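Peer 1: fold the following and give me the result.
(2 chains)
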2 protein chains.
Amino acid sequence: MFRFTTQYPRPSSRMRRGQLTTPHGIIETPAFIFCATKAAIKGVPAHWLAELNTQIILANTYHLYIQPQSQTVKALGGLHQFMGWHGPMLTDSGGFQIFSLGHGSVGDEIKGKRLAGGRKQTLLKITEEGAAFRSYRDGTQHLLTPEASIQTQIDLGADLIVVFDECTPFHVERAYTEAAMERSHRWELRSLQEFQRQKVEHQALYGIVQGGIYPDLRQRSVNFVNSQPFFGHAIGGSLGGSREQMDEIVRLTACQLDPTRPIHLLGIGGLRDIFTHLEWGIDTFDCVHPTRIARHGGALYKRHPKEHINLKNSQYRQDPNPIESDCACPTCTRYTRGYLHHLIKADELIAATLITLHNIYFMNQMMIEIRKGIEENAVEVVRSRWIV
Amino acid sequence: MFRFTTQYPRPSSRMRRGQLTTPHGIIETPAFIFCATKAAIKGVPAHWLAELNTQIILANTYHLYIQPQSQTVKALGGLHQFMGWHGPMLTDSGGFQIFSLGHGSVGDEIKGKRLAGGRKQTLLKITEEGAAFRSYRDGTQHLLTPEASIQTQIDLGADLIVVFDECTPFHVERAYTEAAMERSHRWELRSLQEFQRQKVEHQALYGIVQGGIYPDLRQRSVNFVNSQPFFGHAIGGSLGGSREQMDEIVRLTACQLDPTRPIHLLGIGGLRDIFTHLEWGIDTFDCVHPTRIARHGGALYKRHPKEHINLKNSQYRQDPNPIESDCACPTCTRYTRGYLHHLIKADELIAATLITLHNIYFMNQMMIEIRKGIEENAVEVVRSRWIV
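Peer 2: Predicted coordinates for the structure are as follows:
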């Protein structure tokens, strides 16, 4: 039911063009995965995603575990049926959000930022058994274990699911990172055993590489996942405090991973980052970035130093041009920057919708060109068309 | 460029089936006009309206006058071009909101409710010249006159535009209602003169009937608008403190209006109200109701005492049915009540979008059946299918 095939255009490079076959369709890789956190892309109903050339989306187990709870999603036919998206889907393990809310934002940590305090700490305790946390909705206490995470992901029913691990942030000590990694490996084994015990056939399991910014820990974690019968691998945890460090950690890690399995880079989706990391064979990327910036007026833009323009700026007030004149998305073919600026100023809901439509189409279009670029051994040409 | 033709199925009744020809297309009447207050239907981009069978939408001059200002809309090609809606449009005069914010909510007043205080009063002064008010955005002072309202509506460029009048609420004295009505008539004449002076050909002007709940004042106001060369007439002002009073006032008024001109009933859009008032020849209705209740979880529902169900209710948590099983809208054909309930609970933007899609389709479908019912002299059958 699951298959991953690859073609390499350059003998000396791990960069590759792939097909990842799932029960809900084939994902042409490299691919970008959009975040439908609570079983909804913010601002865009699922039935509008296909015309944007969307291949795959993800939902977050943690959010759905709390509301509406996985039993509800299961009772309503599983995630695909529930949200009306009939293409491939991925769920994470729930761990990222638990630890993110506990340690501070891991998302920011991955990018090397320390977070200002003030966020409510909901992580209560990490034990060998799992992670105890408090619901952000009603304060009830929960224990998420590897077995519970897998069970929840089976109830949700995404095509690609991932092991339960601890996502350690940048600012902790090496000793903590190492101990957490070892515990994560034990949790990954328990996740795998639970997955095998349930004899799931329509879902495939990804192992996660931890080890933070320490090359030797990353190597041990790579050896661990390579040695286990995971369908694919995801690179998680802290990638360092600078772009250079992140590039180096991802390169070191990706280049040692079993090349016959698909590789996912968790939570990274800047345009430059995608062009950089596909070089070492990253097959899929996910990030809230394209949909999140849209809700703040940010529209992705080719060859721009910031990779986007901000339509909130008053310079766009009477601008009769679309976001991008060469873009064929539903927004650029119909609406002007001036109108989008007005919608933002007027607090209209459809401001987010229209800019998100553009950003999703933009990302998919870039990935289409990247895949063509890989096939034709001309990724540099594509790169120079999309980023500076 | 403008034409209004009618067919009467019953010799003894003013109920009619019409075609209102505008530069942006023909409106089959009776028709419902959806509110795109700030040049946007809340939650639904304009390019999705046609597949919902939408014929005509309106925008509010007051809101656009303040932001982004009519010059901006004009600079970006006028309302149709600005918001990407290429069918017929109507704008109001701006008066309703000015007086509504000054007197308390006229919308509620029309329905006979007194408003709780606390809303900032922005109406500064009404003189023979016009209405002075303060912008709710930046506190700047403005004077809206009949001439300015018409000029603004010419800049906006809707097909159907209306005279500037004072919308008096229910709770004022008869003497005030009468004096305001007389002043409104003078303002309507000035509106007409400004409209004629500018030799506008691609827009048509509606006169408004005032007179509150007083039959003799309504008759005087009807005589006034009938005697002036307006293209159409709108029934405005307070319609009383009860449904019975409203029905009677609208009936008395509509039945005296020149039957060769289209008649619009301002701000009324309940299902029962539409079936009631089309009996006396109302051709178009508008109301924020279908789109507003959607943002609070309200989905229009056939033959329901409340005319809608509230998807916020926990009874829908695991409901696998669509809002209405016989509805062919984009929402009912794809999403369950359970999913919509989840989206509301999760504060997802697309909750409003999906329910609004249903409500717009619902209203258009009802109007389609009403028109067919009039043609076939079977409105009672249609009525019994839609309301109890």
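Peer 1: can I assume A:Gly296 is in contact with A:Leu311?
Peer 2: Not quite, residue A:296 is His, not Gly. No: using C-beta atoms under 8 Å as the test, A:His296 is too far from A:Leu311 to be in contact (9.5 Å). In short, each C-beta sits where N, CA and C put it, glycine included.
Peer 1: which one's more surrounded, these two?
Peer 2: A:Leu311 (27 against 14; other C-beta atoms under 10 Å in any protein chain shown).
Peer 1: OK, contacts around A:Thr356?
Peer 2: A:Ile41, A:Lys42, A:Gly43, A:Val44, A:Pro290, A:Thr291, A:Ala294, A:Arg295 (C-beta atoms under 8 Å, 6 or more residues apart in numbering or on different chains).
Peer 1: surely it is in a helix?
Peer 2: Yes: the assignment for A:Thr356 is a helix, going by DSSP: H, G, I helix; E, B strand; the rest coil.
Peer 1: just give the nearest non-adjacent residue to it, would you?
Peer 2: Nearest residue to A:Thr356 in three dimensions, chain neighbours excluded: A:Ala294, at 4.1 Å (C-beta to C-beta, 6 or more residues apart in numbering or on different chains).
Peer 1: the one you found and chain B: what is the separation?
Peer 2: Distance of A:Ala294 to chain B, given as C-beta to the nearest C-beta, to the nearest Å: 11 Å.
Peer 1: which one of the contacts of A:Thr356 is nearest B:Phe195?
Peer 2: Closest approach between the contacts of A:Thr356 and B:Phe195, by C-beta to C-beta: A:Gly43, at 39.9 Å.
Peer 1: touching, that closest one and B:Leu349? I think so.
Peer 2: Yes: in this structure, A:Gly43 is within contact of B:Leu349 by C-beta under 8 Å, at 4.8 Å.
Peer 1: neighbour-wise, which of those two wins?
Peer 2: Each of A:Gly43 and B:Leu349 has its neighbours counted (other C-beta under 10 Å); A:Gly43 has more, 25 against 21.
Peer 1: ok, the more buried one - contacts?
Peer 2: A:Thr291, A:Ala294, A:Arg295, A:Leu349, A:Ala352, A:Thr353, A:Thr356, B:Leu349, B:Ile350, B:Thr353.
Peer 1: now these in JSON lines, with pLDDT?
Peer 2: Shown next, in JSON lines, are the contacts of A:Gly43 (pLDDT from 0 to 100):
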{"residue": "A:Thr291", "pLDDT": "98"}
{"residue": "A:Ala294", "pLDDT": "98"}
{"residue": "A:Arg295", "pLDDT": "98"}
{"residue": "A:Leu349", "pLDDT": "96"}
{"residue": "A:Ala352", "pLDDT": "98"}
{"residue": "A:Thr353", "pLDDT": "98"}
{"residue": "A:Thr356", "pLDDT": "98"}
{"residue": "B:Leu349", "pLDDT": "96"}
{"residue": "B:Ile350", "pLDDT": "98"}
{"residue": "B:Thr353", "pLDDT": "98"}
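Peer 1: can you redo the residues you listed as a markdown table with distance to B:Thr29?
Peer 2: As requested, the contacts of A:Gly43 are exported to a markdown table (distance: C-beta to C-beta, whole Å):
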| residue | distance to B:Thr29 |
| --- | --- |
| A:Thr291 | 41 |
| A:Ala294 | 39 |
| A:Arg295 | 39 |
| A:Leu349 | 30 |
| A:Ala352 | 35 |
| A:Thr353 | 31 |
| A:Thr356 | 36 |
| B:Leu349 | 34 |
| B:Ile350 | 32 |
| B:Thr353 | 28 |
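Peer 1: give me the common contacts of A:Gly43 and B:Leu349.
Peer 2: A:Leu349, A:Ala352, A:Thr353.
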